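>>> Got a predicted model here, sequence first, then my questions.
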Amino acid sequence: MNVLAILVFLFPLAFSPGPGNMFFAANSARFGIRATLPANFGYHVATWVVTMLIGAGLGGIIIQFPSAGLWMKYLGAAYVFWLAIKLARSTAPGEGKVAIAGFWDGFMLLLLNPKGYVIMMLLCTQFVVATQASTSQLIWVATIFTLNNFVAFCVYSLAGDRIGQFFRDERYAKWLNGGFGLILAMVAIWMAVSL
């Protein structure tokens, strides 16, 4: 297995703006990088599990039923839109409960992200199926993919956190929540009309 080839394949896909990157950057800017870690872990546990399932044959089933991909696209867009509303309506840290995405929010974000499935199918087609990889190689491919994505999301989260430090004052919380909620809503619309 050529790890360098996998990384070259994945690097632009992981670091290009997508629903996950934008979600974690926005939440990190608003609540700090630490607050996004549970959702980040949830997203990447789901990434590893789904990549393993696709590599084991789920991708073929998805291809046979294209309407499932369409439903996933719209459900994913609706879910990101719901997260946008949740972020936009959250309160300032000192004003009560803060709406922060948790492990299951991250997990569901991946499950309903059609871009993720396309990348996983391409990855498995190129580095698992085409090379007739063994189960241990599939585990390595899924692990490399997951870690590469995790690093990309941490970079976006760190950038969001640094930018957000300038605006995390309670006086700006309502504006910041609304602004980042709007960004996530635009990502949801992009998800609904793309692919």
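Looks like it came in fine. All figures in this text were calculated on a predicted structure; none of them were measured in a lab.
>>> distance of Met108 from Val118?
18 Å (CB to CB, to the nearest Å). Every C-beta, even on glycine, is put in place using the N, C-alpha and C of the backbone.
>>> what do you get for Ala46?
15 Å.
>>> from memory Ala39 sits against Ala101, does it?
Yes: between Ala39 and Ala101 there is a contact under CB atoms under 8 Å: 3.9 Å.
>>> which residues are common contacts for these two?
Residues touching both Ala39 and Ala101 by CB atoms under 8 Å, 6 or more residues apart in numbering: Phe23, Asn27, Leu109.
>>> Tell me which of those fall in strands.
The members of those all map outside strands under DSSP state E.
>>> is it possible to export those residues to TSV including pLDDT, neighbour count and distance to Ala35?
Supplementary listing: these in TSV, determined by pLDDT from 0 to 100; neighbours: other CB atoms under 10 Å; distance: CB to CB, whole Å:
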residue	pLDDT	neighbour count	distance to Ala35
Phe23	85	32	13
Asn27	84	29	7
Leu109	87	23	15
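>>> Looking at those, spot the one nearest Tyr156.
Phe23 (9.0 Å; CB to CB).
>>> Pick out whichever of Ala46 and Val118 has more residues nearby.
Ranked by neighbour count (other CB atoms under 10 Å), Ala46 and Val118 place Ala46 first, with 22 against 15.
>>> name the element that one belongs to?
helix 33-53 (DSSP states H and E).
>>> ok now that helix, how far from the chain's centre?
8 Å (CA atoms, centre = their mean, to the nearest Å).
>>> Residues in contact with it: which ones?
20, 23-24, 27-28, 58, 98, 100-111, 116-117, 120, 123-124, 138-139, 141-143, 145-146, 149-150, 153-154, 157-158, 160-161.
>>> buried set for it?
33, 35-40, 42-44, 46-48, 50-53 (16 or more other CB atoms under 10 Å).
>>> Quick one, which of the contacts of helix 33-53 are buried?
The buried subset of the contacts of helix 33-53 - by 16+ other CB under 10 Å - is 20, 23-24, 27-28, 58, 100-101, 103, 105-111, 116-117, 120, 123-124, 138, 141-142, 145-146, 149-150, 153-154, 157, 160-161.
>>> Ala142 is in contact with Leu10, isn't it?
No: counting by CB under 8 Å, Ala142 stays clear of Leu10, with 11.7 Å between them.
>>> quick one, phi/psi of Gly102?
phi -110, psi -170 (degrees, to the nearest 10).
>>> check contacts around it.
Contacts of Gly102 (CB under 8 Å, 6+ apart): Pro38, Ala39, Gly42.
>>> What is the nearest of those residues to Lys174?
Ala39 (22.1 Å).
>>> Within the helices and strands, which one has the residue nearest to the closest one when sequence neighbours are not counted?
Closest residue to Ala39 apart from its sequence neighbours, by CB to CB, 6 or more residues apart in numbering: Gly106 at 3.4 Å. Assigned by DSSP H and E, Gly106 belongs to helix 103-111.
>>> Sounds good, over and out.
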